[in-house]
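Visitor: Sequence plus predicted model, see below.
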Amino acid sequence: MTLIADHVDEQPKESPWRERVRALRNMPPVLKILWDSGPGVVSAGLILRVIVATLPFALAKVAQYIIQDIADKVARHQDLPANFWYLVGTEVGLNVLLGLLTRAVDYSDSLLANRYTQYVSVRVMEQAARLDLTTYENPIFYDRLERARVQATDRLAMIQQLGRLFQQVITTLAFSAALAVASPWLVLLLALGVLPSFLGETHYAFLGYAKNFRQTTAKRQMDYLRTVAGSREGAKEVKLFGLNKFFTDRFQALAHAIYVEDTALASSKLIVGGLLGIIGTLGYYGAYVYVIYRTLNGRYDIGEFTFLTTSIQQASSNLQQVFSTASGIADQALFLTDLLAFFEMEPTVKSKPNGLPAPEVIHQGFEFRNVSFSYAGSDRKILSNFNLKLSPGERIALIGENGQGKTTVVKLITRLYDPTEGQILLDGIDLREYDLADLHRQIGVIFQDFMRFEMTAKENIAVGRVEKNYEDGEIEIAAHKSLADTVVAKLGGGYDQMLGRRFEGGVELSGGEWQKIALARAYLRDAQLLILDEPTAALDAKSELEVFERFAELTQGKMALLISHRFSTVRMADRIVVLSGGKLVEQGNHKSLMEEGGLYASMFEMQAASYR
Ligand SMILES: Nc1ncnc2c1ncn2[C@@H]1O[C@H](COP(=O)(O)OP(=O)(O)OP(=O)(O)O)[C@@H](O)[C@H]1O
């Protein structure tokens, strides 16, 4: 394994500005996602923010009158106007309101963040399920999925930033308008002071994004190392092979490379950001001195002076915030490129629009016609001009040495992949013409690497047919067929027993016990084609015999495809098909194949000899 893998998604190119502007194109779809995740909350948040944004201006205006009244009274001994105490009361009231509404804004932000996370997480799960297996085998997809997953929860800051930006723009506009009325120079000075900081901020935002992008693969490897070193599955081998240091060293090497890169960027940002900040401060004080100068020359009275200095302070800090929030959003928007790209990915194996319904009763069966197949990214033909017919009522055993393509045949007949060349037909019609979900409903399959769901025993079986409600007793019947009932009988919680160790109260099963549970799923499905890919590998000899006697009984009249390395099992099939070098090399029943004296006979003899 290289430390930093070579598979990296197209890197953002070194044209930061173009990249950044392009990232802003993400904003409309992102705003749409935000809106879709909670229209009511978004609207309420916007209304609240408009009020909160204009309150500082109102406060400054009221303060101007109060101070002017006080100055008139103290310096010129004039009487306080009749509304003076009302003004003071208004100032207090507005401040109280500002405090309350600010909290309300926080509240609506947290509601929206909650909804957004849920909404995006669900969409990520839905999209991940829609994409096909080929996509999953691609490391680029994995990196993208990883980034999309993180973005589902990690971009919450952006929601607040968007709201804040909206608010800051309104506040800035209000105070800038007041300053522009007093003198346009004030606004210009402030803007010139803040602009360099903005450019600096966005520049670093881009560099940060490019850095994170580069680091995705390394971080994924770190994550893997952390998981392996600390997992229950890995614990035995890690201990016995003394792998701990091996994993830790590798983890540290990756972590160090990331640390060095992070520190370099942070240091440079510190220095450049600091220098640009000084320019901002100079712009601010330029405007301030200008107002002092004009006040000393009698252009402004003391109330106006106070109002203008407050306005300078507010406009400057809000403008600065507008720029830094906007650049923060641009930064987040860059990250969302991955999320949106992930949402836009299309599966290659798709259900045809208005696809045919799968036959309620299959008449001719399945046929592989000159099928060749290579996995994406490889030229090696796993199947080459492969032909096979599976007729209704027939039970076929597919055998062959490791890696000859038996599981691949299963993946093709279930349309997890499409053939590279040739066709697979169901009742004479290409599988691609059928509605995919409907086709899947006709097939019950248990793979070698079946899933052990860390849920209850009942749920582990029920997932075999989630599209229909099952009636009372159906689960138990399926469990009985697969011998899972003997496993469940030993569980303290019966069918409601939590399986696996992940959740509290969970019970771990042995490989064979898990297999019996998984097998029940296939029986529950009540499909026309039943496929068992080495379904009994983990079963002891007695259980295997029992499972197969039942299987033979239960698949009577149905199509069944069986993959097994055990000849005792294979013999029960109506027809045995031998796969070698991507082709069908022999077929027949046990007796005829033995007489033929070919590959089957030699494999059988080899296994039989080892038992003698
Ligand atoms: N997702 C994949 N991407 C690339 N190559 C693959 C993939 N899955 C399987 N292969 C390759 O295809 C070949 C056939 O694999 P397959 O799993 O179909 O064999 P099999 O006959 O079922 O083997 P076994 O008896 O070991 O289960 C193997 O050489 C394997 O390396």
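Guide: Arrived safely, thanks for sending.
Visitor: Can you give me the neighbour number for K245?
Guide: Using other Cβ atoms under 10 Å, K245 has 8 other residues around it. Just so you know, the C-beta spots here come from the backbone N, C-alpha and C atoms, and that holds for glycine as well.
Visitor: host element of it?
Guide: K245 is located in helix 244-296, with elements delineated by DSSP states H and E.
Visitor: again, but for L398
Guide: In this structure, L398 is located in strand 395-399 according to DSSP H and E.
Visitor: Pull the distance from that strand to the chain's centre.
Guide: Relative to the chain's own centre, strand 395-399 is displaced by 38 Å; criterion: Cα atoms, centre = their mean, to the nearest Å.
Visitor: and the stretch 101-250 of the chain, which residues reach the ligand?
Guide: Taking Cβ under 6 Å from any ligand atom as the measure of proximity, the stretch 101-250 of the chain contacts the ligand at E137.
Visitor: tell me the phi and psi of the residue of the stretch 101-250 of the chain found nearest the ligand?
Guide: Among the residues of the stretch 101-250 of the chain, E137 lies closest to the ligand, at 4.8 Å counting by Cβ to the nearest ligand atom. Backbone torsions for E137, taken as degrees, to the nearest 10, come to phi -90, psi 0.
Visitor: distance of the residue lying closest to it once chain neighbours are set aside from S351?
Guide: Distances taken as Cβ to Cβ, 6 or more residues apart in numbering place A376 nearest to E137, at 6.6 Å, with adjacent residues excluded. Shown here: A376 relative to S351, a distance of 20 Å by Cβ to Cβ, to the nearest Å.
Visitor: just P81 next, same as before
Guide: Distance check for P81 against S351: by Cβ to Cβ, it reads 77 Å.
Visitor: same thing with G405?
Guide: G405 sits 25 Å away from S351, taking Cβ to Cβ as the criterion.
Visitor: Name the residues of stretch 544-560 that are buried.
Guide: Along stretch 544-560, the positions that meet the burial threshold by neighbour count (16 or more other Cβ atoms under 10 Å) are 544, 547-548, 550-552, 555, 558-560.
Visitor: roughly how far is that stretch from the heart of the chain?
Guide: On the basis of Cα atoms, centre = their mean, the separation between the geometric centre of stretch 544-560 and that of its chain is 40 Å.
Visitor: Strands of the protein, start to end?
Guide: Listed in chain order, the strands of the chain (DSSP state E) span residues 366-373, 383-390, 395-399, 421-426, 429-430, 443-446, 529-533, 559-563, 575-580, 583-588.
Visitor: mind listing what the third one pairs with, with the direction of each?
Guide: Going back to what we said before, that points to strand 395-399. Strand 395-399 pairs in its sheet with strand 559-563 (parallel), strand 575-580 (parallel), by DSSP bridges.
Visitor: pLDDT averaged over that strand, what's the number?
Guide: Averaged across strand 395-399, the pLDDT comes to 92.
Visitor: Can it be said to contact the ligand?
Guide: No - interface with the ligand: strand 395-399 contributes nothing (Cβ under 6 Å from any ligand atom), its closest point being 8.3 Å away.
Visitor: Run the angle between that strand and strand 366-373 for me.
Guide: Relative orientation of strand 395-399 versus strand 366-373 (axes from the mean of the first three to the mean of the last three Cα atoms, to 10 degrees): 20 degrees.
Visitor: From L46, how far out is the residue nearest to P357 when sequence neighbours are not counted?
Guide: Closest residue to P357 in three dimensions, ignoring its sequence neighbours and counting by Cβ to Cβ, 6+ apart: D438, at 5.3 Å. Here the criterion is Cβ to Cβ. By it, D438 lies 45 Å from L46.
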